[in-house]
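Trainee: the sequence isn't on hand, but the structure is:
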Ligand code: ZN
């Protein structure tokens, strides 16, 4: 029997249904918002982590692994940072029967864990730039309704932290971060906005924050990560200094960059359809699934040919799964559609006779045949087309989701854009209208207009949306 998947029109229910039926995560773990990564979901996340690791290694970052616990004394050194995180941190206050003298924070992010060490590691200008990263879990006491990968209390993420001699060097790091982002998002076929957050919404302690947002099927935006320029806001309280060639001691300029498991939440939401997930080929645990179409007469021959095809594909580096289960082909098709395997190959007696393999694309349902002789190049070509088409479709959706407005009456269920003078006063009045200002395009583009609230001439185009 085929179990129906929710329709994507009911995005909220559809999302939960797909996460469960595709085997991505199990939310029945007895702590709300802390879910179990089940094998298929973890395979995908590891593959995303792998791309992140490659990119950071290639750009001169070194991977580290810091302790999970941070002493309260270090955590409280930067005042804005504390204000921003105080209400959502978990505390460890006891060890065995003893109350701890200094309570420990379970990391909500790692600035306050790393920076006391940076002040020991960095001595001279020759120690700069310092570029490190880690891929770990972080903990935040989320009070809103939780949702797998999108809003959780134990968050899988990467964070890179860098120290530089000058503000300009730190700025160049941010430019590099954004190039890294472009390559990662290309793998995931995800479009995104880069928006400089408002002063009141930037990361606690940052000089400025650029948010990375993508649009969900319900036209709400999801923040996938962010890039921050700290200037010397942390290096002063944490006393991270270096000695210049002339012997003078100066504070380092710092940046951070982070993205979380929300990347997977976005992949599910943006690409999936009424039949289930659609995995971008670069991160699909299986890029190809082979289903032998067996009848009574030719069982052995079909099995053998299917195995041969699987070996050829695997040897050429294409992640291939041969589904030899004793089940009807239709039921197997259904299982792999839910899991979003980009390309299905079918092999039956007639295919063998015609020296072809039958294929079906998961993204658009297109079917056809590939000659057995050119199986590898044929599969590669189709996977490349799937990647291109997924990206184009997602780009078109994001483009269509933005609507310029000239008044705040009847705000459409979209991402809206409008001229804004940039003042906190007007910003506050805008956010009273049940939307949140995401920020202004980064890098800055001059947009001439008049602020929709105060009517003053403005150069900023603001984006706002109802957020997830
Ligand atoms: Zn204004």
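Mentor: Cool, the structure landed. Bear in mind the structure is a predicted one, so any value in this text is a computation, not a measurement.
Trainee: so who does the residue of the stretch 201-350 of the chain found nearest the ion touch?
Mentor: The ion sits closest to residue 201 of the stretch 201-350 of the chain, with a gap of 16.8 Å, by CB to the ion. C-beta: built from backbone N, CA, C; applies to glycine. The neighbours of residue 201, taking CB atoms under 8 Å, 6 or more residues apart in numbering as the test, are 209, 436, 437, 439.
Trainee: name the nearest residue to the first one, ignoring sequence neighbours.
Mentor: Using CB to CB, 6 or more residues apart in numbering and skipping the chain neighbours, the partner closest in space to residue 209 is residue 202 (3.9 Å).
Trainee: please list the residues of this structure that sit near the ion.
Mentor: Along the chain, the residues adjacent to the ion under the rule CB under 5 Å from the ion are 421, 426, 451, 453, 454.
Trainee: mind checking which of these are buried?
Mentor: 421, 426, 451, 453 (16 or more other CB atoms under 10 Å).
Trainee: give me the element the second one is part of.
Mentor: Following DSSP states H and E, one finds residue 426 within helix 424-431.
Trainee: check which residues of that helix are buried.
Mentor: Buried, per 16+ other CB under 10 Å, within helix 424-431: 426, 427, 430.
Trainee: just checking: what are the partner strands of the next helix or strand after that helix?
Mentor: Going down the chain from helix 424-431, the next helix or strand is strand 436-441, by DSSP H and E. Applying DSSP bridges to the sheet, strand 436-441 is found paired with strand 193-196 (antiparallel), strand 460-465 (antiparallel).
Trainee: starting at the chain centroid, how far to strand 436-441?
Mentor: On the basis of CA atoms, centre = their mean, to the nearest Å, strand 436-441 sits 19 Å off its chain's mean C-alpha point.
Trainee: cool, stretch 152-170 as well?
Mentor: That offset, for stretch 152-170, works out to 15 Å (CA atoms, centre = their mean).
Trainee: one more: stretch 8-19?
Mentor: Between the centre of stretch 8-19 and the centre of its host chain there is 19 Å, according to CA atoms, centre = their mean.
Trainee: which residues sit against it?
Mentor: Here stretch 8-19 has contacts from 5-7, 24-25, 27, 41, 147-150, 216-218, 268-269, 272-274, 276-277, 338, using CB under 8 Å, 6+ apart.
Trainee: same for the helix holding residue 426, what does it pack against?
Mentor: strand 415-420, strand 436-441 (3 or more CB pairs under 8 Å, 6 or more residues apart in numbering; DSSP states H and E).
Trainee: of all the ones you listed, which lies closest to residue 100?
Mentor: strand 436-441 (38.1 Å; CB to CB).
Trainee: just the angle between the closest one and strand 415-420, please?
Mentor: Interaxial angle, strand 436-441 versus strand 415-420 (axes from the mean of the first three to the mean of the last three CA atoms, to 10 degrees): 70 degrees.
Trainee: what angle sits between strand 436-441 and helix 424-431?
Mentor: If you take the same axes, to 10 degrees, strand 436-441 sits at 130 degrees to helix 424-431.
Trainee: just grab the bridge partners of the spatially closest residue to residue 414 that is not a sequence neighbour for me.
Mentor: Leaving aside its sequence neighbours, residue 414 sits nearest to residue 403 (CB to CB, 6+ apart; 4.3 Å). With beta bridges defined as DSSP bridges, residue 403 has these partners: residue 416.
Trainee: isn't residue 403 up against residue 411?
Mentor: No. Using CB atoms under 8 Å, residue 403 is not in contact with residue 411; the gap is 9.2 Å.
Trainee: picking that back up, over the helix holding residue 426, what's the mean pLDDT, rounded is fine.
Mentor: For helix 424-431, mean pLDDT is 95.
Trainee: hmm, who's touching that helix?
Mentor: Contacts of helix 424-431 (CB under 8 Å, 6+ apart): 198, 199, 200, 408, 420, 437, 451, 452, 453, 454, 462, 464.
Trainee: run the chain-centre distance for it.
Mentor: With CA atoms, centre = their mean, you get 29 Å for helix 424-431.
Trainee: need the three-state assignment for the residue of the stretch 201-350 of the chain closest to the ion.
Mentor: coil (DSSP: H, G, I helix; E, B strand; the rest coil).
Trainee: nearest spatial neighbour of the residue of the chain most remote from its centre, skipping sequence neighbours?
Mentor: Distance from the centre of the chain peaks at residue 297, with 48.7 Å (CA atoms, centre = their mean). Leaving aside its chain neighbours, residue 297 sits nearest to residue 349 (7.5 Å; criterion: CB to CB, 6+ apart).
Trainee: whichever residue of the stretch 151-300 of the chain sits closest to the ion: neighbouring residues, count only.
Mentor: Proximity of the stretch 151-300 of the chain to the ion (CB to the ion) peaks at residue 198, 12.7 Å away. Using other CB atoms under 10 Å, residue 198 is surrounded by 21 other residues.
Trainee: how much space separates it from residue 401?
Mentor: 21 Å (CB to CB, to the nearest Å).
Trainee: for residue 8, same thing?
Mentor: From residue 8 over to residue 401 (counting by CB to CB), the distance is 15 Å.
Trainee: again, but for residue 72
Mentor: From residue 72 over to residue 401 (counting by CB to CB), the distance is 43 Å.
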